[in-house]
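K.L.:
Provide a 3D model corresponding to the input given below.
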Amino acid sequence: MTDRAPWVIVIGAGPAGLLLGLMLGQKGVPVHIVEKGDRIDDRPRATHYSAPALRELHRAGVLEEARRRGFIIESISWRKLDLTYLGGFSQKVFPKDDKELMVCLPLDRLGQLLVEHLNYLSNVDIKYRHEVVDIGQDDCSAWVEVQTPTGKQKLRAKYVVGCDGASSKLRRCLFGDNFPGFTWEEQIVATNTYFDFDKYGLDDANFILHPQHWYMAARISKYGLWRITYGEEKGFSNEELIARQTMKFEKFLPGNPKPEEGKYKVESISPYRVHQRLAEHMRVGRVLLAADAAHLCNPFGGMGLTGGIADIGSLYDCLIGIYEQRADESILDRYDEVRRAMYNNVINPISSANMRRLFSLDPDTATDNDEFLMACKRAQADENFSREFQRGVNAIVHDFTQYYKSG
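P.N.:
From the prediction side, this is the model:
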């Protein structure tokens, strides 16, 4: 814990907020991380980190430990409902020590890892049970009013950063309910399930194309636990969606298992709606937004998680440049402009295409009509193209140090 006045207040102790706090704290910046909960969120959520996210974990000094606690993905495929292979790619085309090999580690476990590293920093303080109720700013500072167990407090810093997720209080303080974009009509159900996909020869991550029974099955542990996320018809309540789970699994899982046969075990289940949305701005004066507080996309392809962590790396470069007097505050306008463009030009179109591909294509003709699947087929035969194709996600990386003052 630190008694120093913070230079930055980060709202939200999810992995995005913790990572920003860690990276700034390692440079000596006084940081307060404000969290409305009484502990780090331990719900299993997103799991896969591709190259832009891994770059930031490496800069924070936690990548090697994240790889040890999780595992490296070997291969990803797209298939028909009967598991016929349509296309995919393998990370075996890269050296084994490549720092950008896709890693699987559930987000709650990354959060635990980040907290362990933060505990070594005396200049970073995580304040639990501090719920933001209002914000404000002037020419010199920004502040948040928080409700705590001992009453209301006002916390002040040079900058306030919202990393408080999809329902961000900070974003709503800035823009009210205005969060441009749309909500998908298709409903999603995510489960963590023990099931023996290996005996069917599936890859570490698999996307199944079908007009009704589309789904993703991705290995999320070394011990047989899989994230099975599937689409559902619109109009059902959460209770009805949960009740339909056994029927859905019997329809689309290999072997059509009935629940009484004991061939799978559902550890958790969560129906939810998915969105494609981007805040009006990611900078309003001394108040900044990042990750899910700033933008949302569907989970098929990991663009939300990777894009959010890329935001953190970009914002870190901007803030540390200002703190070390190597950049002026105009770099934050660049952050707003560039990161929003990355969402509009890369993250939103790619993630939207990832989801539509699962239910809108005819699986029998998809490899002849879909440019992405045609590229997957080419990657199977051409290792150089495969490497280039897989590294395409680095399009969302931007070097903000180019805007530092010369010298």
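
K.L.:
got the domain boundaries for the protein?
P.N.:
The chain is divided into the following domains under automatic domain parsing: 8-70+105-181+276-356, 73-102+185-273+361-399.

K.L.:
what is the end-to-end distance of the last one?
P.N.:
Start-to-end span of domain 73-102+185-273+361-399 (C-alpha to C-alpha, to the nearest Å) is 27 Å.

K.L.:
check stretch 281-300 too.
P.N.:
25 Å.

K.L.:
do stretch 129-141 as well
P.N.:
So stretch 129-141: terminal residues 23 Å apart, C-alpha to C-alpha.

K.L.:
quick one: it to chain centroid distance?
P.N.:
Once both centres are worked out by C-alpha atoms, centre = their mean, to the nearest Å, stretch 129-141 turns out to sit 26 Å from its chain's centre.

K.L.:
residues making contact with that stretch?
P.N.:
Stretch 129-141 has contacts (C-beta atoms under 8 Å, 6 or more residues apart in numbering) with 11, 34-38, 142-149, 152-153, 155-158, 160, 164, 169-170, 173-174, 285-287. Every C-beta, even on glycine, is put in place using the N, C-alpha and C of the backbone.

K.L.:
now stretch 58-77
P.N.:
Counting by C-beta under 8 Å, 6+ apart, stretch 58-77 makes contact with 19, 22-23, 26, 48-49, 54, 57, 85-92, 99, 101-106, 109-110, 113-114, 117, 202-207, 219, 222, 313, 316, all of which sit outside it.

K.L.:
average pLDDT for it, rounded please.
P.N.:
If you average the pLDDT over stretch 58-77, you get 96.

K.L.:
now swap in stretch 80-98 and tell me
P.N.:
The average of the pLDDT scores along stretch 80-98 is 94.

K.L.:
do the same with stretch 309-322
P.N.:
Model confidence over stretch 309-322, given as mean pLDDT, is 98.

K.L.:
hang on, the earlier thing: who wins for proximity to Lys405 among the domains of the chain?
P.N.:
Proximity to Lys405 (C-beta to C-beta) singles out domain 8-70+105-181+276-356 among the domains of the chain, at 5.8 Å.

K.L.:
quick one on the thing from earlier: from the contacts of stretch 129-141, which ones fall inside helices?
P.N.:
Members of the contacts of stretch 129-141 lying in helices (criterion: DSSP state H): 169-170, 173-174.

K.L.:
among those residues, which one lies nearest to Glu337?
P.N.:
The shortest approach to Glu337 among the ones in helices among the contacts of stretch 129-141 belongs to Leu174, at 17.0 Å (C-beta to C-beta).

K.L.:
coming back round to it: could I have the buried ones of the contacts of stretch 129-141 as PyMOL selection syntax?
P.N.:
Buried subset of the contacts of stretch 129-141, written as a PyMOL selection, criterion 16 or more other C-beta atoms under 10 Å:
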select buried, resi 11+34+35+36+142+143+144+146+155+156+157+158+160+164+169+170+173+174+286+287
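
K.L.:
among the contacts of stretch 129-141, which are in strands?
P.N.:
In this view, the contacts of stretch 129-141 that belong to strands under DSSP state E are 11, 34, 142-148, 152-153, 155-157, 160, 287.

K.L.:
report the longest helix in this structure, please.
P.N.:
Assignment by DSSP H; longest helix in the chain turns out to be helix 303-323.

K.L.:
dump the C-alpha coordinates for it into PDB.
P.N.:
What follows is the C-alpha trace of helix 303-323 in PDB, where atoms were taken according to Å, rounded to 0.1, in the frame of the first residue of the first chain:
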ATOM      1  CA  MET A 303     -10.600  -9.800 -30.800                       C
ATOM      2  CA  GLY A 304     -12.100  -8.300 -27.800                       C
ATOM      3  CA  LEU A 305      -9.500  -9.600 -25.300                       C
ATOM      4  CA  THR A 306      -6.600  -9.000 -27.700                       C
ATOM      5  CA  GLY A 307      -7.900  -5.500 -28.700                       C
ATOM      6  CA  GLY A 308      -8.400  -4.500 -25.100                       C
ATOM      7  CA  ILE A 309      -4.900  -5.500 -24.000                       C
ATOM      8  CA  ALA A 310      -3.500  -3.700 -27.100                       C
ATOM      9  CA  ASP A 311      -5.300  -0.600 -25.800                       C
ATOM     10  CA  ILE A 312      -3.500  -0.900 -22.500                       C
ATOM     11  CA  GLY A 313      -0.100  -1.100 -24.300                       C
ATOM     12  CA  SER A 314      -0.900   2.000 -26.300                       C
ATOM     13  CA  LEU A 315      -2.200   3.900 -23.300                       C
ATOM     14  CA  TYR A 316       0.800   2.900 -21.300                       C
ATOM     15  CA  ASP A 317       3.200   4.400 -23.900                       C
ATOM     16  CA  CYS A 318       1.200   7.600 -24.000                       C
ATOM     17  CA  LEU A 319       1.000   8.000 -20.200                       C
ATOM     18  CA  ILE A 320       4.600   7.100 -19.500                       C
ATOM     19  CA  GLY A 321       5.700   9.500 -22.200                       C
ATOM     20  CA  ILE A 322       3.900  12.300 -20.500                       C
ATOM     21  CA  TYR A 323       5.100  11.200 -17.000                       C
END
